[in-house]
Each structure stands twice: as C-alpha cells, then as structure tokens.
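>>> prediction below, plus the sequence it came from.
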Protein chains: 2
Amino acid sequence: MTSQNSPHIVIIGCGFGGLEAAKAFAGKPVQVTLIDRCNHHLFQPLLYQVATAGLSGPSIAAPIRHIFRRQQNVTVLMGEVTAINISQRTVSVDGTADITYDHLVVAAGATHSYFGNDAWAAHAPGLKTLEDAFAIRRRVLLAFEHAERETDDALRREWLTFVVIGAGATGVELAGTLAEIARHTLSGEFRRFDSHAARVLLLEGGERVLPVFPETLSGKARLQLEKLGVEVRTGARVTGVDETGVTLAESAGASRIASRTVMWAAGVAASPLGKTLDASLDRAGRVMVQPDLSLPDHPEVFVIGDLAHIECDGKPVPGVSPAAKQMGYCAARNILARIEGRGVSVFHYKDYGSLATIGRKSAVALLGNIKLWGIPAWLVWLFAHIYFLIGFRNRIIVMIDWAWAYFSFQRYARIVIGAWKSERQS
Amino acid sequence: MTSQNSPHIVIIGCGFGGLEAAKAFAGKPVQVTLIDRCNHHLFQPLLYQVATAGLSGPSIAAPIRHIFRRQQNVTVLMGEVTAINISQRTVSVDGTADITYDHLVVAAGATHSYFGNDAWAAHAPGLKTLEDAFAIRRRVLLAFEHAERETDDALRREWLTFVVIGAGATGVELAGTLAEIARHTLSGEFRRFDSHAARVLLLEGGERVLPVFPETLSGKARLQLEKLGVEVRTGARVTGVDETGVTLAESAGASRIASRTVMWAAGVAASPLGKTLDASLDRAGRVMVQPDLSLPDHPEVFVIGDLAHIECDGKPVPGVSPAAKQMGYCAARNILARIEGRGVSVFHYKDYGSLATIGRKSAVALLGNIKLWGIPAWLVWLFAHIYFLIGFRNRIIVMIDWAWAYFSFQRYARIVIGAWKSERQS
C-alpha cells in the first residue's frame, strides 16, 4: 500500500499532539517519520507523581517505537531536530542527517521559562521531563536527609522549608503532595525532627491559585491546600532565587524565605524551534497558525500543541493535552485531504473541562458549567487520568500503586538514584 | 528501654549483611546508627533486570528509613563513611561529622575491579548500584536507536554487537536477557534492520561459564545460553577495552571484536574501607576476620558480608546474599553477647544452594547434591527471588511485571531517561 513514492510526512515531537497525528495516518498510503529527543511518550499530567515519589518513571512513559510496532508506515527516530529549512523542505537531526519532507507537523511543545532569569534554573528546577522529575525527587528526599544530619536548628529549618513558585495546576499538585509527604508518608521515620514540622509554601504572583478556573473553584482549591498544611501566598512576586532561598518584592510583605528546596512551576515558553519557521510568534513564542493549523504561505507545514497559537470562539486554545490531541488529529486529516485533493477543515477546540488535583480526596473540576470540588472532583480526576494513561499494563500498575498509596499512605518510588553527594551541603 | 547511656552500635552499609544486623537489635537496650551512601536497601540479585529494562528501580529497592520506621533504637543516616579510627572508636561521615561507637559492624560490601585497567571502566560499565543499572539500560537501548539511525552497514553491525565480559551469575544473566530482548522484545519495532541480527557475546577468561557450579551444570548453562542465541567464548582473555570494541589475547583466536556496547561482569574487589581497619587482607582486599567475625585485637569491631574473608569447613564463604545475612545476624548476636557478658559464637555458614537464571524457562540450580536445570531450575529461581524480595508490595508488583513480561514478551521499563545526546555517536 505504501511505497518509496508515497508522500513523506515528518512529525517533530511525540507528545500528545505528535502521537495523535502519527496514529491518524495508520493504514494510509503515506510514509511517516516520527522524530523525538526521547525514546518514550510521556503522560505529562502525572509527572508530578514521579517527582513526588508516588510513581516510577516507566509507569507513565511508553516507548514510542513499541506504540508504533504494528503501524508499518511509521519510522521512529530518536534524535533532536536542530533546524528546519522551510524553503528546501528539510529538517536536520543533530546537525547531521538531513531529512526531506512533503508535509511537516511541528509538535515540539514547550519548555520552562524563567522570564529572563535563567540563573534561577539551577536553584529552582521545573517539571517537564522524566529527567526533571527525578531531579526534583532527589532534591526533595535529600532535603529531609540533610535535615536529619544537620545539628544547627536554623539550618535544619531551611532544609525543611519547601517553596513552590507558581500556582497553576502543576504548582498546586506539587505543593499539595509535598504537604502530604511531610504529614503522612515520612511520619515517624526521622529521629532528630518531626516531619510534620516541614513547611510547604506556594507562591503565586497573581491574585488567586489556579487562575484558569472560575473564582469560586480557586477559592475552594485554596481552602483545600490550607487544610493540607500548605501556606498559600498570592500576590507574591519573586525577585530572586538562590541556593538558600527566595526573595520577594516589597509589596509581598516578607522579603525573604530561607529554603533549600525551591521548585519552579510558574512559566512556560514555546520550543525555540518555532523561531526557525519564519512565521509570526505571540509573546510566549508560540507560532500564529491559520484556522486549519498550517503556516501562512506554507500549506505543507502544520504547527500543533503547545507550540501553536490559535483562537477558537474568540478565546485562545489552552496548552492542555486534549487540545494537543485534537490538533494532531486535525492536522493529519488536513494533510490527507491535501494529498487526496480534498478541501481542508478548520480546527475547532472541543473543551471537555478542566481538572486539577490537590491531594488525597481533594481536587477541583470544571465540566461545562458544572463545578465540583472535594471528593467528587477527586474521583473524576482519578478515573479520567487512569482512563487516558497509555497502555493497558500501565493503567493496572498505576491503579495498584495508587490503591496501595491510599491505604498505606506510602509512596513506593522513594528511591534516590546514586550515592550521597555532599555538593549541596552547606 | 534504651537511653543515651545504652551501648552505641554503628553499622556501615545497609546491604544484606548490615540490614540483617540492624534488625537483630530490635527491642534490645542498645542505640544503633545505620549509615549508608544510598537511601535504599537494594535487592542486588535482581539488578540485572533493572539494567535490561524488565523492572523499574523502585521495584527492587526499599527506603532504609521506612524499613526501620518502627524500630525506635535505629537512627538512619545517609552519607559516606570516609574514615574509621579504630583506636579512637570513631567513624567520619563525609569528612565532617565524627561519630563515636562502642561496637562497630563494617558491612561496606564490594565494588567492580578492572584488574588494574581502570581506563576500561568508561567503556565497560559494571553492575553494582541502581545508577549502574540505569547507565547500562541507557547504553543498551540507545545502541539500538543508533543502529536505526546509522546508514553505514559496518557501523550498524558495531551498534548491534553486545559484549558481556565475565561469565559468573551476573554475566550469564545479562547475556541471556540481552539475547531475549533482541529476539523477542524488540522484534518488529525497527524499520531499517531486523533486531534478530543483533549479536550477544559472552567472554570468559576461564574454561567454563558459572565456574562456582559443578561442571555438568556449567555445561547445561552454556547449552541454554547458546539456544537463546548467545555466542559463548571461554578461555577468552581480554587485553583491551575501548570505545569501539574489545581486544582479546592471541590465544583466544579472534583478536578483535568490534562493539559499541560492552558490559563488565568479571571482577569484584572489596570496599576500600577494609584498608583503613589495620587488619590483614586477602588478594581481593577482603578483611581476614576471626571465627566470631571480629577483628584480631579488636573484639568491638566486626566485618561481615562481601568485605569479610572467612573459611568454614575448609572452604572460603562465598560472596552471596545468604552468607551476608547469616554473618549480619551472627555479628549482632555476638555484640549482644559481649554486652551481656556472655561468650561469643563462632560463625557457621549454612549453604542453601546456588541459583543462576539464564532466561525464559532457563536456569541452573544446585540444592545440596540436587542438580536442576531448565524449567525446574527456573521455577525454583523465580519463587526464591520473589520470596526474598523485600516488602509485600514489591513482591506483588514484581510478580505482575514478570507475568506480563512472560506472556507479552514485553519489558515495561524500556525508558531512557533524558533526551538524545550524541556524545557516543561515531
């Protein structure tokens, strides 16, 4: 059915958008090359669970070439796309191999943004990849180990103070889970301090947590966070992050928070690959695409997911996984339409709602006009995430992990890889 | 029951020996400080499964302080013991804190030995820690990814050639599992080569594989390895390892094997901490201990596990986990005897048998005089390892992982952490 003369489609990135696009070409007379820097598709909504030792890495990651083992028209290449040449219709992989395409889908996603303060990155890691998650897990678990070894009370308090910057979904999930770890998971395991003494601060520059949710749900989320023991500070503008803590703007009241473990959940920026496309970008670096997701003057190039800026019904489409999946499917369908000489479709975003979890039996959900919080929202979140998690086996394992964690308060992935290194020691 | 004036016992290392010793002090009027470089006890016999993507790290590791959460007389410290001062009765942790002991148990284990060729370490990683296992997993999985990207046939063959040096239990397990991965797990997932074309070579300097087993079982093991597709070369003395392969001594026939992925399972050396004890060492650096496991002239210092050299019934006790556990228990009992003014016991090694797995339904077992191979040996191996694996939850998860792997031929932990880096690319 496919041959060397079939149209060649290159897809850059195998997040939710790229994965969906590649799947949509199953059984079609095309050749697909799917390129990703990682060997796995990552179920990013659960990445905070890996960072907080609730799940192992493989539980939320699936090898890309295993997903496509039976889809013979897909060739998977692991590597980094370093340049796109729109006029030549080629992409460069790691600066060496040039691959020619007939149609291109750019689904390279987003990365952290420190708003120009890149020096903060070393002290406040973000959470986008498995590598990030393991780095945060290591920092959090080692902070408690440092506290057990520390003989100075003031320094011990610094090791037992955790700061999360940014109160979007990731920040709220991290802060809520950290509070649970201190109060429950580690309870009774240390001899020189009580893990309940650990402080978790959630700093938000804006006026409320979870700003994409309606105000009532932001309020409910804040109450649930405070019930878990998280100190929430809104209107707290961060002006500095270094090895020993966070500095806040004068207006925020306290000028300094001494902490050895700071996490960044405040800003995202689109992949720098967007800049190489010779197209207009929005403030966050996202590519302004046509209503059919293609580039102006380049109907053979599509940009989807977190890298694309598009408005539907007058509102920008949010950078969430359902939107990326829908764009992936739409772009693939439009490429097939072009190949078959049919007209392309305009992208329409179907919003199924928003979910954010806070902790044990705590979450908020917005489903159409229905607002949920507490246990009902948490149950919706639980089943939605297990349902969408890739791979039958992963679903079972995640369910067992969670059932175990729920009843035992334990987190089985509390493993720091590698030996003690004292480079972070004061 | 315990107080500040209770005798203070310091245990260095929480492998099988140190763990067993610390547990034996449960409910006794002593204070125990347990120091380990890692935050987890590792079930080392299954480490090759983590390295070959069959199990995730947390499945075979348990946080040390969680194991001892209810044993109030144990304080767990994460850190590296950098010096032992026998005359002052102190140990230094990371060169800073000095900890005074009344009794000391040194259970610091063993590490790889490259027989003086330390430059080989960069090209042929060994397998002792979770970090090692992840490094090998990354190398093996990325070699296949390199092969898919490679356009030169000769170079592709180098990427698809895997060499394991040393045919003890770890080497046999690695080689057998790698052959299974090439033949089954990755089957059909690559578009530019057939994964069955991958070669796995097992090099052994001695005359037979698994030299600690009787000759008949070595023969059975070799046959099973060859049936899985492993090329076994005995009498193959390695004289060089570099980035592009392995050089053999002239007597071994072939002088050069071109390979991009070499693994080291040939030699172990006792922990360098043994040298600081001012005691006699054997050729492998192990400390010669008294029949009660204490040091000559230092009845308050015990050395156990892979770091100890002791003979029972005229034979040296092997460096295996049951021996380490028995020594840990014996050392703890002897310390309690000294504290209570009773006489100490002499260590007796109870040999329950030897087991080595080769692959799917392939293993060899020596239980007393009973020799088993094939499916019966494999079933003994399977149940013994699940039984001894620490933690109820881990046992369940490992069983599910294995059942899944058995029926699907899949290995769920095929996740390379981090993005593609081309530093190993030719």
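In hand now; what should we look at? Numbering: from 1, shown residues only, chains lettered A, B, ... in the order given.

>>> closest point of the stretch 201-350 of chain A to chain B, which residue?
Residue nearest to chain B within the stretch 201-350 of chain A: A:S271 (12.4 Å; CB to the nearest CB). The way it works is simple: take the backbone N, C-alpha and C, and place the C-beta from them, glycine included.

>>> for that residue, give me its contacts.
If you count contacts by CB atoms under 8 Å, 6 or more residues apart in numbering or on different chains, A:S271 has them with A:G13, A:A108, A:G109, A:A110, A:T111, A:G285, A:D306, A:L307.

>>> how many neighbours does the first one have?
When you say that, I think you mean A:G13. Number of residues near A:G13 (other CB atoms under 10 Å in any protein chain shown) recorded here: 29.

>>> quick check: it vs A:S271, distance?
According to CB to CB, to the nearest Å, A:G13 and A:S271 sit 8 Å apart.

>>> what do those two both touch?
A:A108, A:G109.

>>> residues of the stretch 101-250 of chain A that sit close to chain B?
The interface of the stretch 101-250 of chain A toward chain B, taken as CB under 8 Å from any CB of the partner chain, is made up of A:129-131, A:134, A:141-142, A:145, A:148-149, A:151, A:188-192.

>>> any of these buried? List them.
Among these, those buried by neighbour count (16 or more other CB atoms under 10 Å in any protein chain shown) are A:T129, A:L130, A:F134, A:L141, A:L142, A:E145, A:E148, A:R149, A:E189, A:F190, A:R191.

>>> ok, the fifth one - contacts?
A:L142 makes contact with A:V416, A:W420, A:R424, B:N39, B:M78, according to CB under 8 Å, 6+ apart.

>>> which of these fall within strands?
Of the positions in the contacts of A:L142, B:M78 sit in strands, assigned by DSSP state E.

>>> how about the contacts of A:L142, which pair is most distant?
Using CB to CB, the two most remote members of the contacts of A:L142 are A:R424 and B:N39, lying 14.3 Å apart.

>>> quick one: which of the two has more around it?
Taking other CB under 10 Å, A:R424 and B:N39 do not tie; B:N39 has more neighbours (26 against 14).

>>> list the contacts of A:G343.
So A:G343 contacts A:A337 (CB under 8 Å, 6+ apart).

>>> which residue, neighbours along the chain excluded, lies closest to A:G188?
B:R69 (5.3 Å; CB to CB, 6 or more residues apart in numbering or on different chains).

>>> okay, now that neighbour: neighbour count?
Using other CB under 10 Å, B:R69 has 16 other residues around it.

>>> picking up where we left off before, which of the residues of the stretch 101-250 of chain A next to chain B sits closest to A:Y387?
A:L130 (21.8 Å).

>>> quick check, pLDDT for that closest one.
Looking at A:L130, its pLDDT reads 93.

>>> ok, now which ones touch it?
Residues near A:L130 by CB under 8 Å, 6+ apart: A:C38, A:H40, A:L42, A:L47, A:V50, A:G57, A:A61, B:I415, B:I417, B:G418.

>>> backbone phi and psi for the third one, please?
Its backbone dihedrals place A:L42 at phi -110, psi 130, with angles given as degrees, to the nearest 10.

>>> ok, now how distant is the closest residue to it other than its chain neighbours from A:V50?
Closest residue in space to A:L42, ignoring its immediate chain neighbours: A:A61 at 5.2 Å, by CB to CB, 6+ apart. Applying CB to CB, the value for A:A61 to A:V50 is 9 Å.

>>> more neighbours: which of the two?
A:A61 (29 against 25).

>>> doesn't B:A413 make contact with the more buried one?
No - the criterion here is CB atoms under 8 Å, and A:A61 misses it with B:A413 at 9.1 Å.

>>> all the helices of the stretch 201-350 of chain A, residue numbers only.
For the stretch 201-350 of chain A, applying DSSP state H, counting those that start in this stretch gives helices covering A:215-228, A:321-339.

>>> between these, which gets nearest to A:T33?
Smallest distance to A:T33 across the helices of the stretch 201-350 of chain A (CB to CB): 13.5 Å, for helix A:321-339.

>>> so for the closest one, what's the average pLDDT?
The average pLDDT within helix A:321-339 is 97.

>>> gap between the residue in the stretch 301-426 of chain A positioned nearest to chain B and B:V241?
When distances are taken as CB to the nearest CB, the stretch 301-426 of chain A reaches nearest to chain B at A:A419, 3.7 Å away. For A:A419, the distance to B:V241 equals 24 Å [CB to CB].

>>> between the two, which one's more packed in?
Neighbours per residue (other CB under 10 Å) separate A:A419 from B:V241, with B:V241 holding more: 22 against 15.

>>> so, low pLDDT: which residues of the stretch 1-150 of chain A?
Counting by pLDDT under 70, the stretch 1-150 of chain A contains low-confidence ranges at A:1-4.

>>> 80 instead, please
Along the stretch 1-150 of chain A, segments meeting pLDDT under 80 span A:1-4, A:96-97.
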